[in-house]
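> structure here, sequence nowhere to be found:
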């Protein structure tokens, strides 16, 4: 998918919502456990119930990997279902990968070619030659961890290097990489006060913003400090939508929660 | 596996060699491509040819993931083969994972419980609550990226925080995490000159050292600056062993290369 397509979808739907698919067998409605593939059955129902309200889906690969080969098959079915039925949606493999050159190329092929995701999340610690292999694919994107929404972000990301926090060094350095126009960045909504400085460094890049809802981030602040001329935001919600009910009405309730967020977005835009 | 077991194996075999299983269909001997599962067939042959010379195996998960569900099945068969036939070997899932708490727990379960690896490699960028979930499993280990062997290591890892390079901050901070006795660290052999300072910070921890051989690191320097009282080293070689020949003799030649490294280790110890 191109950035232009993604922005068009956002404008058309008045939504920059990304629904996170963290499918946990211990949390999904018990009646689904009788299905052949409960993980896929749950993901499919959530997708069908929310597709017109969101512009992106983000399967969290950890939750699929946890079920081994069966989980990996469920991931394949899920991404194929989205690509076949809702091809206008931007897809994110939330995998937080990153390794030396030839290995990163393997990961990129796994997610971009084998599974046909539009993007994959990447950790920056190993630097340029671990990130650039992901940027070599046309109309595919690497979403680099910059400032994450968790408490551990303060261990290293906010520590000062040459008078600036590490996450800013990551933004500055990465924006010099080859094909850096294919980079997006993860910035947690729980740290919205940092967004002004972040936008000074990377005014044009898309930000993937987790942490609204369950983790306590404010949608209003994210828009106020993080929006750019093309909007340039994808706000993710996972648990707040997909586990809002674990009864037989789970998909309807997920839709209600997604609708509430979409309406808030439409108002704030 | 316990650390005591691992050290016993090292002393018994006079070897701290780890064989990296980066199984690439474009590099394995062409005659194996006719096998039902060429990735597994190759890995199995390498394991059978080298098991008495090494103490650890490190499948690189990227190379398996690149082949989708089939690749994941090959990874399962490979780790099961090692655990069933060579249970004294320490096994490392080279996966470079790391995410917020509940997601890290999922990854830990995938590698420690579902696949039954002894350890998994982890990226430190997201801090404490992304690492500690991996440390909650008895006799299992998380191997944290500290100073990697690639050129991109200089992008962030060696940058100065409070007068010390980031990788030293990672070592100091991580060694305060709960159950940090279950941590090991990745330090590239290409940066052996840093090992003295690293040993000052983490005198007791095992180091996983890639970069000897194909990447140009010196085994002699690694031992000189990196060994501790219990040896405390696992030196990894992948390409230099497994792709030394791509003829029908590939397993024999891999054995020769592993033997040369083991003999060098025995002499230097």
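Arrived safely, thanks for sending. Please read all numbers here as calculations on a predicted model, not as lab measurements.
> who's residue A:21 bridged to?
residue A:59 (DSSP bridges).
> residues contacting it?
In this structure, residue A:21 makes contact with A:43, A:46, A:47, A:57, A:58, A:59, A:60, A:63, A:78, A:238, A:242, judged by Cβ atoms under 8 Å, 6 or more residues apart in numbering or on different chains. Yep, even glycine has a C-beta here, placed from its N, CA and C like the rest.
> ok, it to residue A:59 distance?
When Cβ to Cβ, to the nearest Å is applied, the distance between residue A:21 and residue A:59 equals 4 Å.
> give me the common contacts of these two.
Taking Cβ under 8 Å, 6+ apart as the contact criterion, the common neighbours of residue A:21 and residue A:59 are A:43, A:78.
> what ranges do the strands span in chain A?
Taking DSSP state E as the criterion, chain A contains strands spanning A:17-21, A:56-59, A:90-97, A:119-122, A:141-147, A:160-161, A:164-165, A:183-187, A:207-209, A:233-237.
> those strands: which one's closest to residue B:206?
Shortest separation from residue B:206 across the strands of chain A is recorded for strand A:90-97, at 24.0 Å, computed as Cβ to Cβ.
> list the helices and strands that closest one packs on?
Packing contacts for strand A:90-97, counted by 3 or more Cβ pairs under 8 Å, 6 or more residues apart in numbering or on different chains; DSSP states H and E, involve strand A:17-21, strand A:56-59, helix A:61-65, helix A:68-85, helix A:101-108, strand A:119-122.
> what residues of the second one count as buried?
Within strand A:56-59, the residues scored as buried using 16 or more other Cβ atoms under 10 Å in any protein chain shown are A:56, A:57, A:58, A:59.
> contact partners for the second one?
Spelled out, that is residue A:57. Shown here is residue A:57, whose contacts under the criterion Cβ under 8 Å, 6+ apart are A:18, A:19, A:20, A:21, A:47, A:82, A:89, A:90, A:91, A:92.
> look up how far residue A:256 lies from residue A:72.
Distance, residue A:72 to residue A:256, using Cβ to Cβ: 31 Å.
> these two - which one has more neighbours?
Comparing residue A:72 with residue A:256 by other Cβ atoms under 10 Å in any protein chain shown, the one with more neighbours is residue A:72, at 22 against 14.
> coming back round to it: will you turn the buried residues of strand A:56-59 into a markdown table that also has pLDDT?
Output for these, formatted as a markdown table (pLDDT from 0 to 100):
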| residue | pLDDT |
| --- | --- |
| A:56 | 98 |
| A:57 | 98 |
| A:58 | 98 |
| A:59 | 98 |
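> please produce a markdown table containing those residues, extended by distance to residue B:264.
Compiled in a markdown table, the buried residues of strand A:56-59 are given as follows (distance: Cβ to Cβ, whole Å):
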| residue | distance to residue B:264 |
| --- | --- |
| A:56 | 52 |
| A:57 | 51 |
| A:58 | 47 |
| A:59 | 45 |
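> and the two most separated of these?
A:56 and A:59 (10.8 Å).
> what about the helices in the stretch 101-250 of chain A?
Remark: helices assigned in the stretch 101-250 of chain A by DSSP state H, counting those that start in this stretch are A:101-108, A:128-131, A:153-156, A:166-174, A:195-201, A:219-226, A:239-242, A:250-268.
> and of those, who's closest to residue B:102?
When the helices of the stretch 101-250 of chain A are ranked by proximity to residue B:102 (Cβ to Cβ), helix A:239-242 comes first, at 9.2 Å.
> which other residues reach that closest one?
Helix A:239-242 is touched from outside by A:19-23, A:42, A:46, A:50, A:212-214, A:250, A:254, A:257-258, A:261, with contacts defined as Cβ under 8 Å, 6+ apart.
> report the buried residues of it.
In terms of neighbour count (16+ other Cβ under 10 Å), helix A:239-242 has its buried residues at A:240, A:241, A:242.
> again with stretch A:204-218
Applying a neighbour-count criterion of 16+ other Cβ under 10 Å, one finds A:205, A:206, A:207, A:208, A:209, A:210, A:211, A:212, A:213, A:215, A:217 buried in stretch A:204-218.
> kindly report the same for stretch A:236-252.
By neighbour count, and taking 16+ other Cβ under 10 Å as the criterion, the buried residues in stretch A:236-252 are A:236, A:237, A:238, A:240, A:241, A:242, A:243, A:244, A:250, A:251.
> ok, now stretch A:166-178?
Burial within stretch A:166-178, assessed by neighbour count using 16+ other Cβ under 10 Å, is assigned to A:166, A:167, A:168, A:169, A:170, A:171, A:173, A:174, A:175, A:177.
> return only those of those residues found close to chain B.
A:166, A:169, A:170, A:173 (Cβ under 8 Å from any Cβ of the partner chain).
> tell me the one of the residues you listed nearest chain B?
Of all those, the one sitting nearest chain B is residue A:173; the distance, using Cβ to the nearest Cβ, is 5.5 Å.
> chain neighbours aside, what residue packs nearest to the closest one?
Sequence neighbours aside, residue B:155 is the residue nearest to residue A:173 in space, at 5.5 Å (criterion: Cβ to Cβ, 6 or more residues apart in numbering or on different chains).
> ok, now residue A:220?
If you skip the residues right next to it in sequence, residue A:220 has residue A:268 as its closest partner in space, 6.4 Å away by Cβ to Cβ, 6+ apart.
> if we can go back for a sec, which of the buried residues of stretch A:204-218 sit farthest apart?
Greatest spatial distance in the buried residues of stretch A:204-218: A:205 and A:213, 23.2 Å, computed using Cβ to Cβ.
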